[in-house]
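**Student:** Could you work out the structure for the sequence below:
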Amino acid sequence: MIIVLNGTDHEVDDSATVADLIGQTHPDAATHRGVAVAVDRRVVPRSAWADTALVAGARVEFVTAVQGG
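**Tutor:** As a prediction, the model looks like this:
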């Protein structure tokens, strides 16, 4: 199915969750600290990533904290 990830169409499995999507797009980030996720303009707490199923057309935004000044 197709979702919109940070403004770009992205294909995921029909049974994909937020956790699956993060694992697919950020495979090297073991703890995923500093990442916030919103699905259809609602923030998804990290504790709910594995239980939050994605649906076709969902608008997902990843925001990553960056250090600097």
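
**Student:** number of nearby residues for residue 42?
**Tutor:** Using other CB atoms under 10 Å, residue 42 is surrounded by 8 other residues. Where C-beta positions appear, they are placed from N, C-alpha and C, glycine not excepted.

**Student:** same question but for residue 40, I mixed them up
**Tutor:** Going by other CB under 10 Å, the residues that sit close to residue 40 add up to 13.

**Student:** wait, what's in contact with residue 11?
**Tutor:** Residue 11 sits next to 1-2 when contact means CB atoms under 8 Å, 6 or more residues apart in numbering.

**Student:** Tell me how far it lies from residue 62.
**Tutor:** 16 Å (CB to CB, to the nearest Å).

**Student:** In the protein, mark out all the strands, start to finish.
**Tutor:** For the chain, the strands defined by DSSP state E occupy 2-5, 8-11, 35-39, 42-44, 59-64.

**Student:** So which elements touch the fourth one?
**Tutor:** Think strand 42-44. strand 35-39 (3 or more CB pairs under 8 Å, 6 or more residues apart in numbering; DSSP states H and E).

**Student:** other SSEs contacting the strand it packs on?
**Tutor:** For strand 35-39, the packing partners by 3+ CB pairs under 8 Å, 6+ apart are helix 18-25, strand 42-44, strand 59-64.

**Student:** Residue 9 bridge partners, please.
**Tutor:** residue 4 (DSSP bridges).

**Student:** Near it, how many other residues are there?
**Tutor:** 9.

**Student:** start at 30 instead
**Tutor:** Right, with 30 as the first residue, what we last looked at is residue 38.

**Student:** got a list of what residue 53 touches?
**Tutor:** residue 41.

**Student:** What distance do you get for it to residue 61?
**Tutor:** In terms of CB to CB, residue 53 sits 12 Å off from residue 61.

**Student:** hang on, the earlier thing: format the strands of the chain as JSON lines; extra columns: mean pLDDT and distance to residue 48.
**Tutor:** As requested, these are arranged in JSON lines below (pLDDT from 0 to 100; distance: least, CB to CB, whole Å):
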{"stretch": "strand 31-34", "mean pLDDT": "98", "distance to residue 48": "14"}
{"stretch": "strand 37-40", "mean pLDDT": "97", "distance to residue 48": "15"}
{"stretch": "strand 64-68", "mean pLDDT": "93", "distance to residue 48": "10"}
{"stretch": "strand 71-73", "mean pLDDT": "97", "distance to residue 48": "10"}
{"stretch": "strand 88-93", "mean pLDDT": "93", "distance to residue 48": "12"}
